[in-house]
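Q: A predicted structure for the sequence below; I have some questions about it.
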Amino acid sequence: MIKEVLTWIEIPGNGQAAALIAGVTGIVSVIIGALLKLVFDNSSVNHKVKFEYSFSQRTSIKTVLSKSKTPLIKACEELNYRLWNLRSHIDERWHNIPEVEWRDSERYYLRSFVYRILLFWYWLQKSEDSIYNLDFSTADRGDRKYLKYVKTLKHFLCERELLKELGYGPNGKGHHFYKDDIPKYVGYISHNDKPLSYPEFEALFREDLSQIIDVVRFVTCIRNNRRNLNYNMIMCFHLFLMRFLNEYGLDYHKTNLIKYIRITNYYHPKIKIHDSLRKFLKRNKVGRMASILLGVLSQKVTKRKLNKSLRIGRSLR
């Protein structure tokens, strides 16, 4: 059939047929070209829209996070100082105060300890709340990692499973916090969308502390005992807090290598929840760097070993 058509076209005098076919071919080419252009233009527009959306969201995420990042680092720094101080003076029991004395003027150490924990939670909550109306899937790798740290820090003291190795069961109370209670604690320390100053907090504390009584009790029950649930939780938390400050703080926020070795070797024989800690970090996906650094708790740390862990951790980022 095709051969016959070609023969017909080639017959002298059939120029009109050849012209017709040429015209049809041209029209088809134009149509195909137009369709390809339409597809390409739509694809280009969609790509441009997606790019502009992602860029806008990514920029907005960085902007809102920056507003809470500096005060959060400051709150972490103040809490870090208190935990270093606790390590040095825990046996003096400045925080182990009976309830009848909590409001006494000389019990500054206890009240300021509670204040630093609440302020820390306040800025963590601010960091999380600031991005709820943004598309976090567009965030770059650095911001996603930062928010994983924020989430882990916020829930660290709420993780009941951390104490499982010490026999703390599903019905355990008093040695961990409930995640749903954090907004209540944050609400206590805030007014007009701002955190209370320490003098304002003290005045409120003396007036009514029922809203944060669990936090006060938690602090008063920290004791220098290997089986003490609260101290096991606090020691692990402190190491992770330092890791966060070393990652995101300025030079003066960071714990140098020698101090990190000293505090790790001090905590090493006291912490009894090594396995639970590693599982907790894995669940929260905070990165292998933190896991490796905290993994040194399974052995006595030397400068050489810690440096090796740091090098491995950086290569795995």
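A: Yes, it's here. Residues are numbered from 1 along each chain as shown.

Q: wait, P71 sits on W123?
A: Yes: if you go by Cβ atoms under 8 Å, P71 and W123 touch, sitting 5.2 Å apart. Every residue, glycine included, has its C-beta placed from N, CA and C.

Q: okay, those two: which has more neighbours?
A: Neighbours per residue (other Cβ atoms under 10 Å) separate P71 from W123, with W123 holding more: 23 against 15.

Q: for the nearest residue to the more buried one once chain neighbours are set aside, grab phi and psi.
A: What sits nearest to W123 in space, not counting adjacent residues and going by Cβ to Cβ, 6 or more residues apart in numbering, is L72, at 3.9 Å. Per-residue torsions, L72: phi -70, psi -40 (degrees, to the nearest 10).

Q: report how many residues lie close to L72.
A: By the criterion of other Cβ under 10 Å, L72 has 24 neighbours.

Q: isn't it right next to Q125, touching?
A: No: with contact defined as Cβ under 8 Å, L72 does not reach Q125; the gap is 10.0 Å.

Q: give me the nearest residue to L163, chain neighbours excluded.
A: Residue nearest to L163 in three dimensions, not counting chain neighbours: L229, with 5.2 Å by Cβ to Cβ, 6+ apart.

Q: likewise R223?
A: Nearest residue to R223 in three dimensions, chain neighbours excluded: Y231, at 6.2 Å (Cβ to Cβ, 6+ apart).

Q: can you check E159 too?
A: With Cβ to Cβ, 6+ apart as the criterion, E159 has its nearest non-adjacent residue at 5.6 Å, and that residue is F280.

Q: tell me which element the one you found is part of?
A: helix 274-284 (DSSP states H and E).

Q: please enumerate the strands of the protein.
A: For the chain, strands defined by DSSP state E occupy the ranges 190-191, 194-195.

Q: how far away is the residue nearest to R223 from V219?
A: According to Cβ to Cβ, to the nearest Å, Y231 stands 11 Å off from V219.

Q: now do the helices in the stretch 151-300 of the chain.
A: Ranges of helices in the stretch 151-300 of the chain, per DSSP state H, counting those that start in this stretch, are 182-188, 198-207, 213-220, 229-248, 257-267, 274-284, 288-295.

Q: start to end distance for stretch 212-228?
A: 21 Å (Cα to Cα, to the nearest Å).

Q: I meant stretch 128-141, not that one.
A: Distance between the two ends of stretch 128-141: 17 Å, counting by Cα to Cα.
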